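*Asks:* dropping the sequence and predicted coords here.
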Amino acid sequence: MREIFVEKGTFVVTDEGGVLLIAKSLGSTLAICLRDTSSGIIGICVPVVPKVSTPDPLLTAFDCANGLREFFKEVMEKGAKRQNIKIWLVGVGIFFEGPRELNIGAQLYTYVKNTIERNGIKIVKEHVGGSYNRTVRFSFTDGPVITIPGEDEEVVL
Amino acid sequence: MTADNMTADTDIEMNNNMALTLEPDKDQHDFTLDYIFENLTQLPTFPKAVQKAMELLNNPNTTTKHLVDVLKFDPAITTNVLRLTNSARFGLAQKVTNLETALSLLGRNQLKEILMASGSIPYISRELYGYCMRPEDLWHHSMATAICADILSKYINFEEPTTLFTAALLHDIGKIVLNLYVGGNLEKILELATKEGYSFTEAEWMVLGGDHAVIGSEIMNQWDFPEDIIKAIRNHHDPDLYIQDRLSSMLALSNILVIIMGIGVGADGFRYWINPELLDALKITRNDIYEVMFETYKEFINSKDALMLYKDNN
C-alpha cells in the first residue's frame, strides 16, 4: 500500500487505489477524513487555525475557511457527490485548562462541524478532544486508525 | 543502588563528534530528585567553545578573528555552525564553506542563535523512551519553540530576543536527564498522567519530588547560563510562576503554541495547565496567535536543512 503523508496546513485528495493517507502528530489540529465510496475518492484535510490574514499557496489549508473551500472544491472536481460523502473527524488535543483563545482545537472543531453539517454532509464518527496527541491513518477500505503516544492499542473508528 | 554503580551503568561520554552515549537504565527504581541532582555533575558540560564565543559576542570590540580562534578547534561545532548558516532559516544569499566567512556575514543575534543551536544539537536530538519521543521529536520541538519565540519577540517588541531564543531551544533539556536517570519511574509517571488524569508536571512531582523543568533549570545552572534563562526554564510549566515575568511567559506561550501545532509532542502531550491570564499578561490577541502560529510553521518547514541535523548528531 502506497503511503502519502498529509502535512499540517495542507490536504490530499486521491482516487488512486491502494493508498494509505497518514496525518502525523496532529496536536490541536483537526484531520478531516473524507471518503466517497461511489466515486472511489478519499482525502484528508488538516487545518491548523480558524483564519489567517493572508493565506499561503503552499499551506492552502492552514486556515480553516480557505482550507475547507479548497478541499471540497477538489473533492467535487474529482467526481464526488455530496450525498455519498462520509466524514470522520480526528484530532483536537486540548490542555487541561487555559484561556479560550488558546483552545484552538475547539475553535477548529466548531467551525468545521458547523460548516459540514450546514452543507448536509454526514459525519460518521469522531475521535476528538482529550489531552493527548494523535496520528491518523486512513485508507479506502477501513475507517481511520488512530495511534496515541504511550498507548499500546490503536483506535479504529 | 549507589552513585558509583550508577555511574558505571550509565556510560556517559563524549566522542570527537560530541555525540553522547546516554542510555536510560530501566532497572533503576529508587530515584528521587535529590539523587538526580547529585548525579547531574556527571553530565557532559555545554561546549566551552560556544560559551566563550557567546561571551565574546557581548563585547562590542570582539572581531571575527577572535571568534574564529575560539571555535576553530571544535570540529563538531564548526560543522554545525556551517550547516546552520547555510540553512534557509538564516537565509544567506551565498553558500558559505568556512567559519571565517560565516562569522563575518552573520549579524550578532543570528550568530548567537546559530552558536546556541550548534552547541545544543547533541543534547536535544536523542530518543526519549519514557516520553515516547523519537530522536527528531525533541530537536524539532526545540527548534520550533525557538522559532516561535523569535516571531513572538517581534510581535510584542521583546527587548531580549536572543535570550528568549536560547531559553526556548533548551527548555526541555530536563527531559533528557529524566529519561536517563529515572528508569522504571518513567512508567509510573506515564501511568499517573495517562491513566489517572494527573498533569504530567503533577505526576513528575508525585514520583520524583520535582519535574523536568526543575531538573532542566539545574542543568542550566551547572552549565553557567544566565539567571534569567535558568528561571524561565524553571517556570515554563508552572502557571503561577511563568505569569510573573515576560521572559517566562513568552517561553511558556511559545511552547504551548508548538504543542498545539503538534510539533515534537510526546506522551506528555497536552497534560498541562495553562494560566488563564497568559495572553492578557502579554497583551496578545487571538488573531495575533493565529498569525504567530502561521509564521512559525512557515519558517519551521523552511528550516528543513537545520531540522535534519539531528541525524548527524546521533
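*Replies:* Structure received.
*Asks:* can we go C-alpha only for contacts and neighbour counts from here?
*Replies:* Noted.
*Asks:* what sits against the residue nearest to B:Ile243 when sequence neighbours are not counted?
*Replies:* Ranked by C-alpha to C-alpha, 6 or more residues apart in numbering or on different chains and with sequence neighbours excluded, the top spatial neighbour of B:Ile243 is B:Ser249, at 5.4 Å. Shown in contact with B:Ser249 (C-alpha atoms under 8 Å, 6 or more residues apart in numbering or on different chains): B:Ala232, B:His236, B:Tyr242, B:Ile243, B:Leu278, B:Ala281, B:Leu282.
*Asks:* let's test this: mean pLDDT of stretch A:7-23, rounded?
*Replies:* For stretch A:7-23, the mean pLDDT works out to 96.
*Asks:* next structured bit after the least confident helix or strand in chain B by mean pLDDT?
*Replies:* Using mean pLDDT, DSSP states H and E, helix B:3-10 stands out as the lowest-scoring helix or strand of chain B, at a mean of 32. Downstream of helix B:3-10, the next assigned helix or strand under DSSP states H and E is helix B:33-39.
*Asks:* in chain B, which residue sits closest to chain A?
*Replies:* In chain B, the residue that lies nearest chain A is B:Gly262 (3.7 Å; C-alpha to the nearest C-alpha).
*Asks:* so which strand or helix has that residue?
*Replies:* Per DSSP H and E, there is no helix or strand for B:Gly262.
*Asks:* which residue sits closest to it, ignoring its sequence neighbours?
*Replies:* The shortest distance from B:Gly262 to any residue other than its chain neighbours is 3.7 Å, reached at A:Gly27 (C-alpha to C-alpha, 6+ apart).
*Asks:* quick one: residues contacting that neighbour.
*Replies:* With the criterion set at C-alpha under 8 Å, 6+ apart, A:Gly27 makes contact with A:91-93, A:132-134, B:259-263, B:265, B:269.
*Asks:* okay, those residues in a markdown table with pLDDT, secondary structure and distance to B:Asn109 next?
*Replies:* A markdown table is the format used below for the contacts of A:Gly27 (pLDDT from 0 to 100; DSSP: H, G, I helix; E, B strand; the rest coil; distance: C-alpha to C-alpha, whole Å):
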| residue | pLDDT | secondary structure | distance to B:Asn109 |
| --- | --- | --- | --- |
| A:Gly91 | 97 | strand | 37 |
| A:Val92 | 97 | coil | 36 |
| A:Gly93 | 96 | coil | 35 |
| A:Tyr132 | 91 | coil | 36 |
| A:Asn133 | 95 | coil | 34 |
| A:Arg134 | 97 | coil | 36 |
| B:Ile259 | 97 | helix | 26 |
| B:Ile260 | 97 | helix | 27 |
| B:Met261 | 98 | coil | 26 |
| B:Gly262 | 97 | coil | 28 |
| B:Ile263 | 97 | coil | 25 |
| B:Val265 | 94 | coil | 28 |
| B:Gly269 | 89 | coil | 32 |
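*Asks:* okay, the residues you listed in JSON lines with neighbour count and distance to A:Ile121 next?
*Replies:* Shown next, in JSON lines, are those (neighbours: other C-alpha atoms under 10 Å in any protein chain shown; distance: C-alpha to C-alpha, whole Å):
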{"residue": "A:Gly91", "neighbour count": "28", "distance to A:Ile121": "19"}
{"residue": "A:Val92", "neighbour count": "31", "distance to A:Ile121": "20"}
{"residue": "A:Gly93", "neighbour count": "29", "distance to A:Ile121": "24"}
{"residue": "A:Tyr132", "neighbour count": "27", "distance to A:Ile121": "28"}
{"residue": "A:Asn133", "neighbour count": "31", "distance to A:Ile121": "27"}
{"residue": "A:Arg134", "neighbour count": "30", "distance to A:Ile121": "24"}
{"residue": "B:Ile259", "neighbour count": "26", "distance to A:Ile121": "31"}
{"residue": "B:Ile260", "neighbour count": "28", "distance to A:Ile121": "27"}
{"residue": "B:Met261", "neighbour count": "28", "distance to A:Ile121": "27"}
{"residue": "B:Gly262", "neighbour count": "27", "distance to A:Ile121": "28"}
{"residue": "B:Ile263", "neighbour count": "25", "distance to A:Ile121": "31"}
{"residue": "B:Val265", "neighbour count": "27", "distance to A:Ile121": "32"}
{"residue": "B:Gly269", "neighbour count": "28", "distance to A:Ile121": "31"}
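*Asks:* does the helix or strand containing B:Leu241 reach chain A?
*Replies:* Secondary structure assigned from DSSP H and E places B:Leu241 in helix B:239-242. No - between helix B:239-242 and chain A, judged by C-alpha under 8 Å from any C-alpha of the partner chain, nothing touches; the nearest distance is 9.7 Å.
*Asks:* so which bits of that helix are buried?
*Replies:* For helix B:239-242, burial by neighbour count (16 or more other C-alpha atoms under 10 Å in any protein chain shown) applies to B:Pro239, B:Leu241, B:Tyr242.
*Asks:* over to stretch B:34-51?
*Replies:* Here stretch B:34-51 shows B:Ile36, B:Asn39, B:Leu40, B:Leu43, B:Phe46, B:Pro47, B:Ala49, B:Val50, B:Gln51 as buried, counting by 16+ other C-alpha under 10 Å.
*Asks:* as a whole number, average confidence for it?
*Replies:* For stretch B:34-51, the per-residue pLDDT averages 81.
*Asks:* CA atoms only for it, dumped as CSV, please.
*Replies:* Provided in CSV are the C-alpha atoms of stretch B:34-51 (Å, rounded to 0.1, in the frame of the first residue of the first chain):
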residue,chain,number,x,y,z
ASP,B,34,18.0,14.6,45.2
TYR,B,35,19.6,11.5,43.7
ILE,B,36,19.2,13.0,40.2
PHE,B,37,20.7,16.4,41.3
GLU,B,38,23.7,14.6,43.0
ASN,B,39,24.4,12.8,39.7
LEU,B,40,23.9,15.8,37.4
THR,B,41,27.6,16.6,37.8
GLN,B,42,28.3,13.6,35.7
LEU,B,43,26.6,15.1,32.7
PRO,B,44,28.9,16.4,30.0
THR,B,45,29.3,20.2,30.1
PHE,B,46,27.8,22.5,27.5
PRO,B,47,30.6,23.1,24.8
LYS,B,48,33.1,25.6,26.3
ALA,B,49,33.9,27.0,22.9
VAL,B,50,30.2,28.1,22.4
GLN,B,51,30.1,29.6,25.9
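*Asks:* centre of the chain to that stretch, how far?
*Replies:* Relative to its chain's centre, stretch B:34-51 lies at 14 Å (C-alpha atoms, centre = their mean, to the nearest Å).
*Asks:* tell me the pLDDT at the residue nearest to B:Ile243?
*Replies:* 98.
*Asks:* mind checking which of the contacts of B:Ser249 are buried?
*Replies:* Among the contacts of B:Ser249, those classed as buried by neighbour count (16+ other C-alpha under 10 Å) are B:Ala232, B:His236, B:Tyr242, B:Ile243, B:Leu278.
*Asks:* for A:Thr10, what are its contacts?
*Replies:* A:Cys45, A:Val46, A:Pro47, A:Leu58, A:Leu59, A:Thr60, A:Ala61, A:Phe62, A:Gly67.
*Asks:* check contacts around the residue nearest to it when sequence neighbours are not counted.
*Replies:* Leaving out its chain neighbours, the residue that sits closest to A:Thr10 by C-alpha to C-alpha, 6+ apart is A:Ala61, at 4.7 Å. Going by C-alpha under 8 Å, 6+ apart, A:Ala61 touches A:Lys8, A:Gly9, A:Thr10, A:Phe11, A:Cys45, A:Val46, A:Pro47, A:Val48, A:Gly67, A:Leu68, A:Glu70, A:Phe71.
*Asks:* thanks again, I'm all set now.
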